[in-house]
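Visitor: sequence first, predicted model second:
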Amino acid sequence: MAQRDRSLREKVVSLEEAAGFVQDGMKVGVGGSTMSRTPMAMLWELIRQHRKDLSISRCIVSTDGDLVFGSGLANHVVTSWFAQGILWGLSKVMRHHVENGGKRYEEWSHMAVGMRFRAGGMGIPFLPTRAMLGSDIVGQRPEAKQIDCPFTGEKLLLVPALNPDVALIHVQRCDPYGNAQIDGLQFMDIDLAFAANSVILTTERIVSNDQIRRAPDQTKIPFFCVDAVVEVPYGSAPHECYGLYEPMMRHMEAYVAQVNADPVKGMQEYLDRYFYSPKSWNEYLSLIGMDEVLEATQKGRSIYND
Amino acid sequence: MAQRDRSLREKVVSLEEAAGFVQDGMKVGVGGSTMSRTPMAMLWELIRQHRKDLSISRCIVSTDGDLVFGSGLANHVVTSWFAQGILWGLSKVMRHHVENGGKRYEEWSHMAVGMRFRAGGMGIPFLPTRAMLGSDIVGQRPEAKQIDCPFTGEKLLLVPALNPDVALIHVQRCDPYGNAQIDGLQFMDIDLAFAANSVILTTERIVSNDQIRRAPDQTKIPFFCVDAVVEVPYGSAPHECYGLYEPMMRHMEAYVAQVNADPVKGMQEYLDRYFYSPKSWNEYLSLIGMDEVLEATQKGRSIYND
Amino acid sequence: MTEAQRYTASEILAILSARQLQDGQVVFAGIGVPLLAATLAQRTRCPALTILFEGGVVGAFVEPGKLPPSTNDQRCTKRANMVLGSADVLLLLQRGYVDVGFMGGAQIDQFGNLNSSFIGDPAKPKTRLPGTGGGNDISSLTNMIVAMKHEKRRFVEKVDFITSPGFIRGGTSRRDSGLPSGGMWRVITELAVFGFDDRTRRIKVLALNPGVSREEVQDNTGFRLDFDENLHVTSPPTDHELETLRMLDPDRLFTA
Amino acid sequence: MTEAQRYTASEILAILSARQLQDGQVVFAGIGVPLLAATLAQRTRCPALTILFEGGVVGAFVEPGKLPPSTNDQRCTKRANMVLGSADVLLLLQRGYVDVGFMGGAQIDQFGNLNSSFIGDPAKPKTRLPGTGGGNDISSLTNMIVAMKHEKRRFVEKVDFITSPGFIRGGTSRRDSGLPSGGMWRVITELAVFGFDDRTRRIKVLALNPGVSREEVQDNTGFRLDFDENLHVTSPPTDHELETLRMLDPDRLFTA
């Protein structure tokens, strides 16, 4: 932290350039939750660049978890829930890689994941919680320590700070310096941004610093946490971005059917078609299709209809 | 907490009625900071009703601290800074009551006060911090406990949760249930609202629940923390309320000159004139004067001018 | 027309679950039947009910026909009273602002412990399940209602793994583990409504669903069941309940 | 016209303080001269400087002629980049996002400890001062610049009470107390600029203000002063510095 450049400076780069901030084997925090504000374009680029062996932590993991295991981008996922989505039952991809493939799914309670990011963001080594006690999860997590509270005598669980090397966060808008404003659901992204030692922002649009300064109480991530800013419209597709588009459900359903039918070959074919073949993110969106993208947009914008 | 009525119900009452939630001797958290969003109308009413011996905690204490000591409303103040304002040097009122009058000013670091409210709001007995160590403040605060971190071995200070019996918070707007939206500076009010066992909101205006539901990500305090809602325009006067009015500085300067000249008699005369004599809050505002109120309003609104 | 034809198993599950909620409560609801049942309660008997979702939503008011695919989707926030961070909405449980948690379950045991992590040996699982999500936090910190399918493989004497604690090993073991408050309160299935003995903390049948026998419940359960001394039969879904439920979920997203 | 007539004591204090900041830093500034000096630096040499205020302001850009009466006033937020809660802006220090803290001081000692709590015995004080505010947190967690009036009663061998720790008792005592990072870096007065010895951590004079003698500094100090071997004389305020300062504070709110 001490040596980091915290000056107010422009950080706009391409997806390709931003990927340079992520090295093989790093601890990477992924913003959003489930099918919401997933930094999909950044994950897409990292998979295309064949990064590997990342340890990924996230609020709730959905198809992004399949993709990072299936592509080899990650061999370790820290979260509280890992499937494609409640509508589709178990993820055959996660099961394949965890039950047979030697990849690790490290499970904490949902609040514990949040408290680990929060401790990281607060600059303290741990936070006390009252969850996980009594469960069998706690036995699997020697990283956490049970104590008798020095004030009340009651049992508490101390969960250790989690400070990712890099966080990938997708937002509705930010300025070229990285001052980001997030609408709607925040998930764990604010704590994650402060906890990470570096942040790559992808954003639906880059706005002027003047616009940010007109409503400073809407800024959720300050520029000095951020190292790269990439403008990527529909950067969460086929997941949703609050107020702009809902999940692209036909694509999701086809994806789930394909990879659950064969978690290795089905995944490889999906990655070939949607990740490795397209020349650009816009070409990837074209493969999802204009109909799906516009239907998701119409639904996404409707949250502000009265 | 278990027996509290958490139903979505209207809670609009008068200042007089709201004061009924505060009993002599209670621990009372006061929202805002320094000269900003002070719940002055509620303090005014409590002083008029001759409540006494409260233990008050607040982010930063300004002339509100003078008034609660000088009137007898409180005999104990927990904060990190207690004067009238940097412009006016030391508070002769605070000095009089603390040096001679047997009232207590309990000093913590600013972050420690925040961490105490935050621990209270998070439902945990303490939070670890790295501040206060090495200072002489820590020797005066046996309530805090120094530990060697079980994860890193480093020294940490654990500060205990602070859960006031009641919190008094002034906001720009809320609905009749108590869903409150606060613009601009939040200070410690969010943590305070969650930490307190009861909250009295005073508000510049009461808006419909429909309006709240159109922008739920702007809600800062949920209704189920709140027990009473009072509509009091200019409820922070002569302090400021973000975006609406700045401090009424001529009144403040006259106040400071009067009470610092004689912290007992000067204060008594001030209370008689501005607190005990007026028949209503609006009459109090009339005593401050239309010119001052409108000038403060013009300056307050200018924060949104471009 | 017989009772069994008037509604599906999922429908009676949702309706009986909704009946467990009381007006004015703050309920933390999971995705699926809990979300649907809490919304049903809100639109029938409980207008002052406050629904929380894991994604950070306070006071949800889900639109009919637009049920969200997860509790982290933007649809959950439509006409809500507040949106919080994910950790902050869970902290409401820890602070004591939540009256009742309401979840689905994959596997439950006689003491109300839930498993959503592993089938088989956790070190070498037959099946790696999705994991706890908010389940562990909710069940650790408040009173729980669980709505789940009634199958012998799901109702077991001892779960393979305690993901979300009920009464652990019964008696005072929950409190002794460091969980002084909350615990399993009701389990609802398409066959019966269950509670827990105040002392032993073992599950027991409080009421049979309409047209269901004691034997049918026992036969679908992997351990010996106790029946409450005041065992009764639940009154069937009303037309109003069924109509409201079908209005809320016309596409049968959660009531297939 | 002599140097001493070109500017007031407060003005040279603000200008020399501003010179201590570097472009691109994140500086946590207190009310008064620190706020003014940080803003002066931002408007002269350091456009990429980020100013934080205790009220929760990130990236302040204070309007000339509208200096706020406290760092908790709405004026501090005008054209800021972000507004945080009061605790959260202090947590930035604890997390390590802040390069330098910048405060005023009422009483300082040879190891850079500051007292803003008590004059006399804390148990029965002669004067109860306002207290730490954010001072303790800032001085505990980052590198400090202090701007203050130079008076014998303010520069004492040992403060009555350590409100905001400098190097405590010198040597490694700060680190040993549990404060591994940060510490007093510069003290600026109307007479001189001070630093601290790398080993003993005792204060020393680095530079004399224009027209000020060693003796004048020593005579206004309550303990024996060391002078750096490279002692030099600070270059006087430039016209640009003075003009910008007076443009920022035309009413002499903080430069009286």
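Guide: Nice, thanks for sending it over. Residues are numbered from 1 along each chain as shown, chains lettered A, B, ... in the order given.
Visitor: which stretches of the stretch 1-150 of chain C aren't confidently modelled?
Guide: C:1-4 (pLDDT under 70).
Visitor: switch the cut-off to 90
Guide: C:1-5, C:123 (pLDDT under 90).
Visitor: so which bits of the stretch 101-250 of chain A are right by chain B?
Guide: Residues of the stretch 101-250 of chain A lying near chain B by Cβ under 8 Å from any Cβ of the partner chain: A:123-130, A:145, A:147, A:149-152, A:154, A:156, A:158, A:160, A:183-186, A:214, A:217. C-betas here are computed from N, CA, C, even on glycine.
Visitor: distance of residue C:116 from chain B?
Guide: Residue C:116 is 24 Å from chain B, where distance means Cβ to the nearest Cβ, to the nearest Å.
Visitor: number of nearby residues for that residue?
Guide: Counted with other Cβ atoms under 10 Å in any protein chain shown, the neighbours of residue C:116 add up to 22.
Visitor: how about residue C:125?
Guide: By other Cβ under 10 Å, neighbour count at residue C:125 equals 17.
Visitor: wasn't it part of a helix?
Guide: No. Counting by DSSP: H, G, I helix; E, B strand; the rest coil, residue C:125 is located in no helix; its state is coil.
Visitor: ok, it - contacts?
Guide: By Cβ atoms under 8 Å, 6 or more residues apart in numbering or on different chains, the contact set of residue C:125 is A:98, A:99, C:118, C:119.
Visitor: I'd guessed the first one sits against residue C:128; true?
Guide: Yes. Residue A:98 lies in contact with residue C:128 (Cβ atoms under 8 Å); the separation is 4.6 Å.
Visitor: give me the residue from the stretch 151-256 of chain C nearest chain B.
Guide: residue C:181 (7.9 Å; Cβ to the nearest Cβ).
Visitor: gap between that residue and residue A:154?
Guide: Separation of residue C:181 from residue A:154 (Cβ to Cβ, to the nearest Å): 11 Å.
Visitor: okay, now residue A:89: neighbour count?
Guide: Residue A:89 has 12 neighbouring residues, counting by other Cβ under 10 Å.
Visitor: tell me the confidence at it?
Guide: Per-residue confidence (pLDDT) for residue A:89: 90.
Visitor: give the contact list for it.
Guide: Taking Cβ under 8 Å, 6+ apart, one finds residue A:83 in contact with residue A:89.
Visitor: next: residue A:232.
Guide: A:15, A:41, A:42, A:170, A:202, A:203, A:204, A:281.
Visitor: turn the residues you listed into TSV, including neighbour count and pLDDT.
Guide: Below are the contacts of residue A:232 laid out as TSV (neighbours: other Cβ atoms under 10 Å in any protein chain shown; pLDDT from 0 to 100):
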residue	neighbour count	pLDDT
A:15	22	98
A:41	23	98
A:42	28	98
A:170	29	98
A:202	28	98
A:203	25	98
A:204	21	98
A:281	20	98
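Visitor: could you show which parts of the stretch 151-300 of chain A are in contact with chain C?
Guide: Counting by Cβ under 8 Å from any Cβ, the residues of the stretch 151-300 of chain A that sit close to chain C are A:154-157, A:184-191, A:240, A:242-243, A:246-247, A:249, A:300.
Visitor: run the last query once more with 7 Å
Guide: Applying Cβ under 7 Å from any Cβ of the partner chain, we find that the stretch 151-300 of chain A lies next to chain C at A:154-155, A:184-188, A:190-191, A:240, A:242, A:246-247.
Visitor: make TSV out of these and add distance to residue C:111, neighbour count and secondary structure.
Guide: Formatted as TSV, those follow (distance: Cβ to Cβ, whole Å; neighbours: other Cβ atoms under 10 Å in any protein chain shown; DSSP: H, G, I helix; E, B strand; the rest coil):
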residue	distance to residue C:111	neighbour count	secondary structure
A:154	22	13	coil
A:155	19	18	strand
A:184	39	26	coil
A:185	35	27	coil
A:186	36	26	coil
A:187	33	27	coil
A:188	32	30	coil
A:190	38	24	helix
A:191	34	28	helix
A:240	39	30	strand
A:242	40	24	coil
A:246	40	27	coil
A:247	38	30	coil
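Visitor: quick one: low-confidence parts of chain A?
Guide: Residue ranges of chain A with pLDDT under 90: A:1-5, A:86-87, A:101, A:306.
Visitor: what is in contact with residue A:98 and residue C:128 at once?
Guide: Common neighbours of residue A:98 and residue C:128, using Cβ atoms under 7 Å, 6 or more residues apart in numbering or on different chains, are residue A:105.
Visitor: spatially speaking, which residue is in the middle of chain C?
Guide: In chain C, the C-alpha nearest the mean C-alpha coordinate belongs to residue C:146, at 2.3 Å (Cα atoms, centre = their mean).
Visitor: list the helices and strands the host helix or strand of it packs on?
Guide: Using DSSP states H and E, residue C:146 sits within strand C:143-147. Taking 3 or more Cβ pairs under 7 Å, 6 or more residues apart in numbering or on different chains; DSSP states H and E as contact, the helices and strands that strand C:143-147 lies on are helix C:9-19, helix C:33-43, strand C:100-104, strand C:183-188.
Visitor: nothing else from me, thank you.
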